[in-house]
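Engineer: What shape does this take:
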Amino acid sequence: MAKRKQLEVPSPEALKEMEQGFARETSAPGLRPPIADVVADAAIRSTPLPQADREELARDKADAERLREADGKGLIAREIPIHEITADALTRDRMAMDEDELTELCTSISANGLRLPIEVFEPSNPDTAGKFALISGFRRLAAYRRLNTLTAGEKYQTIPCFIRQPGSIADTLVAMVEENEIRTGLSQYERGRVAAIAVHEGVFATIEDAVKTLFGSASKAKRSKVKSFALVHEELGDMLSHATHLSERQCLRLAAALRAGQGGEIRVALDDHVTDTPEAEWAVLEPLVTKAEGIAPDPSRGGRPRKEAKTREGREVPLANGISIQRIDRADGYAIQFHGANVNSELVDQVMDHIRHLLEKID
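Structural biologist: Numbers count the residues shown, from 1 in each chain. Down below sits the predicted model:
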């Protein structure tokens with residue numbers, strides 16, 4: 001059996017020679033020892049920052065992700081030049097602004113700033129509708145423009161805006177109506193007007209569709225009233241000078257008169273009179289409205305048919321001569337009805353004569 005050779009520890013000179021040989025083998029251009037790549041990668045991935053700094057970087061990254069998500073949803077307000085916003089690209093539901101309220105709003109903004117940004121969207125036809133079109137915030141935008149004018153254009157050049165992405169013009173109109181319904185209520189007439197114009201502009205096929213969509217959160221009774229207000233605008237919108245001052249009851253009475261076929265007479269009356277106040281205009285309308293309330297509505301004009309008051313019949317009271325009498329309650333008064341074979345016109349005349357004498361004695 002061969003004798004094993006005993007291993008010997010290399011001398012320092014031998015170790016040095018081995019290292020030099022290894023260096024010569026791995027020093028060719030473009031070659032790096034694999035361990036060098038591993039060490040470099042580990043160095044890159046290591047975080048030499050303190051724990052507190054690493055936690056702050058992680059929070060900043062999470063905040064940036066939330067910011068990008070909120071911006072994509074239109075929840076981040078942006079400063080937009082007021083001249084880039086078109087206020088009337090959509091049919092506005094609000095027709096007029098109270099001057100005192102606008103002045104108060106300007107004072108509030110100048111003292112405390114704008115508390116709530118307006119809402120805009122980017123229309124598909126910017127050449128005609130402008131770069132941004134207003135959804136809600138008509139009064140706030142008007143206040144900014146007035147303040148900009150009062151400061152000779154030096155201040156209030158931009159206004160904070162939420163940029164929305166509505167799915168359609170109908171969605172945009174809904175947002176506008178809901179904003180005004182919640183913040184500052186529209187007049188009765190304005191509610192009907194926006195529905196009627198939306199149909200006229202082809203956004204909805206019918207008034208029914210427009211009211212159901214624009215006032216979807218309203219009760220059925222309220223939507224029914226809005227349809228009546230829309231009828232007033234359709235029939236008399238070009239004639240009424242003080243339509244926004246009409247009360248709910250006045251609008252409903254006027255709509256009933258139009259359904260009764262009084263539209264032509266009402267237009268003639270409005271054309272013949274110049275009215276400077278809401279009261280004067282209603283004074284022209286009321287006689288015709290009152291007249292129409294005695295006329296049955298035209299079924300072809302829609303609207304809920306008026307229910308006839310029920311006639312109530314009392315019990316028949318028998319008399320000794322074979323005649324019985326009965327009380328009748330009707331919407332227009334009371335009656336006494338006679339039954340029996342002996343009832344004739346002569347008998348009725350005699351009873352009428354007795355009743356007349358009886359009533360004349362009553363103070």
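Engineer: what sits up against the host helix or strand of Tyr334?
Structural biologist: In this structure, Tyr334 sits in strand 333-339 according to DSSP states H and E. Residues outside strand 333-339 that contact it (CB atoms under 8 Å, 6 or more residues apart in numbering): Glu316, Ile323, Ser324, Ile325, Gln326, Arg327, Ile328, Leu347, Val348, Val351. To be clear about C-beta, it is placed using only N, CA and C from the backbone, and glycine gets the same treatment.
Engineer: which of those residues count as buried?
Structural biologist: Ile325 (16 or more other CB atoms under 10 Å).
Engineer: Now do the helices in the chain.
Structural biologist: 12-26, 34-45, 51-72, 99-112, 126-129, 138-150, 169-183, 188-200, 207-214, 220-236, 248-259, 263-272, 278-292, 345-360 (DSSP state H).
Engineer: is it possible to export these to a markdown table including mean pLDDT?
Structural biologist: Formatted as a markdown table, those follow (pLDDT from 0 to 100):
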| stretch | mean pLDDT |
| --- | --- |
| helix 12-26 | 67 |
| helix 34-45 | 57 |
| helix 51-72 | 76 |
| helix 99-112 | 87 |
| helix 126-129 | 77 |
| helix 138-150 | 91 |
| helix 169-183 | 61 |
| helix 188-200 | 81 |
| helix 207-214 | 84 |
| helix 220-236 | 88 |
| helix 248-259 | 91 |
| helix 263-272 | 90 |
| helix 278-292 | 91 |
| helix 345-360 | 81 |
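Engineer: for the ones you listed, which one ends up most surrounded?
Structural biologist: helix 188-200 (a mean of 24; mean count of other CB atoms under 10 Å).
Engineer: send the alpha carbons of stretch 135-148 over as CSV?
Structural biologist: What follows is stretch 135-148, C-alpha atoms only, in CSV (Å, rounded to 0.1, in the frame of the first residue of the first chain):
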residue,chain,number,x,y,z
ILE,A,135,-70.5,72.5,-13.2
SER,A,136,-71.1,74.2,-9.9
GLY,A,137,-70.0,77.3,-8.2
PHE,A,138,-71.6,79.9,-10.4
ARG,A,139,-71.8,82.5,-7.6
ARG,A,140,-68.3,81.8,-6.4
LEU,A,141,-66.9,82.3,-9.9
ALA,A,142,-68.9,85.5,-10.3
ALA,A,143,-67.5,86.8,-7.0
TYR,A,144,-63.9,86.0,-8.1
ARG,A,145,-64.4,87.8,-11.3
ARG,A,146,-65.8,90.8,-9.6
LEU,A,147,-62.9,90.9,-7.1
ASN,A,148,-60.5,90.6,-9.9
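Engineer: Quick one: distance of that stretch to the chain centre.
Structural biologist: Distance, stretch centre to chain centre, for stretch 135-148: 18 Å (CA atoms, centre = their mean, to the nearest Å).
Engineer: Tell me the confidence at Glu84?
Structural biologist: With respect to pLDDT, Glu84 scores 92.
Engineer: Please report the number of neighbouring residues for the nearest residue to it once chain neighbours are set aside.
Structural biologist: Computed as CB to CB, 6 or more residues apart in numbering, the closest residue to Glu84 that is not its neighbour in sequence is Lys131, at 4.5 Å. Lys131: 15 surrounding residues under other CB atoms under 10 Å.
Engineer: same question, the one 4 residues further on
Structural biologist: Applying other CB under 10 Å, we find 24 residues neighbouring Ile135.
Engineer: what separates it from Val226, distance-wise?
Structural biologist: Computed as CB to CB, to the nearest Å, the Ile135 to Val226 distance reads 20 Å.
Engineer: hang on, the earlier thing: check the contacts of strand 333-339 against Pro117 and report the nearest one.
Structural biologist: Ile328 (66.4 Å; CB to CB).
Engineer: related to what we said a few turns ago, can you list the buried residues in the strand holding Tyr334?
Structural biologist: Those would be Phe338, for strand 333-339 by 16+ other CB under 10 Å.
Engineer: before we move on, back to that, output the helices of the chain in a markdown table; the columns should cover distance to Ala87.
Structural biologist: A markdown table is the format used below for the helices of the chain (distance: least, CB to CB, whole Å):
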| stretch | distance to Ala87 |
| --- | --- |
| helix 12-26 | 75 |
| helix 34-45 | 55 |
| helix 51-72 | 25 |
| helix 99-112 | 14 |
| helix 126-129 | 11 |
| helix 138-150 | 6 |
| helix 169-183 | 11 |
| helix 188-200 | 15 |
| helix 207-214 | 19 |
| helix 220-236 | 21 |
| helix 248-259 | 26 |
| helix 263-272 | 30 |
| helix 278-292 | 26 |
| helix 345-360 | 68 |
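Engineer: and of those, who's closest to Thr86?
Structural biologist: Using CB to CB, the nearest of the helices of the chain to Thr86 is helix 126-129, at 5.8 Å.
Engineer: so how far is the closest one off the chain centroid?
Structural biologist: 23 Å.
Engineer: could I have it exported to CSV, CA atoms only?
Structural biologist: C-alpha atoms of helix 126-129 as CSV (Å, rounded to 0.1, in the frame of the first residue of the first chain):
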residue,chain,number,x,y,z
PRO,A,126,-63.0,73.4,-26.1
ASP,A,127,-63.0,75.7,-29.2
THR,A,128,-66.6,76.7,-28.4
ALA,A,129,-67.1,75.7,-24.8
